[in-house]
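Participant: requesting a structural model of the entry that follows:
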Amino acid sequence: MAEQPVLLAAVTLLSALHLGYLAGRVGKARKKHTIVPPSVTGPPEFERTFRAHQNCVEFYPVFLVVLWTSGIFFSEVLAAVLGLIYIYSRQMYFDGYTVSVKDRMPGFSLSIGLVFTLAGLGAAGVLNGILDEYFDINVRKMISKW
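Facilitator: Next up is the predicted model:
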């Protein structure tokens, strides 16, 4: 039986709990500014908080795909570490955005860089798997021999 990807599962669970925490922050902002659902407009502070959460939700499926692909086909440990940094970067983004639009950029830039890194690692792992499975070329073995 293959080893279970417990690190990927742990990071995934933590990321889901993090999204729940961010949703709670939107709920608190609703109460503070008396914004009744389904309304999403109000004072700028509320709108930035709401938008920050929505952006995190919009990126979440992309994050999960690249996290699991890179973890399964490249390195589970590296993907898990990068996934933890991604969660931190999304918190930076959220906190910055609630302060001002420009303050969101450090967290946003870091999270985008991490998504592209995870995607690149996943693509490299998948390509290696395709080459190994269908063309009997294992790039990892070739690199390790050098």
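Participant: low-confidence ranges, the chain, go.
Facilitator: By pLDDT under 70, the low-scoring segments of the chain are 1-2.
Participant: let's see 90
Facilitator: The model of the chain has pLDDT under 90 over residues 1-3, 138-146.
Participant: what strand or helix carries the residue nearest to the spatial centre of the chain?
Facilitator: Closest to where the C-alpha atoms of the chain average out (C-alpha atoms, centre = their mean) is Phe63, at 3.8 Å. Taking DSSP states H and E as the criterion, Phe63 maps to helix 44-73.
Participant: now that helix: buried residues?
Facilitator: Neighbour-count burial for helix 44-73 flags 46, 48-53, 55-56, 59, 63-64, 66-73 (criterion: 16 or more other C-beta atoms under 10 Å). Any C-beta I mention is one placed from the backbone N, CA and C, and that applies to glycine too.
Participant: thinking again about what came up before, check contacts around the residue nearest to the centre of the chain.
Facilitator: Contact analysis of Phe63 by C-beta atoms under 8 Å, 6 or more residues apart in numbering lists Ser15, Gly83, Tyr86, Val115, Leu118.
Participant: can you give me the distance of the third one to Ala23?
Facilitator: Counting by C-beta to C-beta, to the nearest Å, the separation of Tyr86 from Ala23 is 18 Å.
Participant: and the fourth one, by the same measure?
Facilitator: Distance of Val115 to Ala23, computed by C-beta to C-beta: 21 Å.
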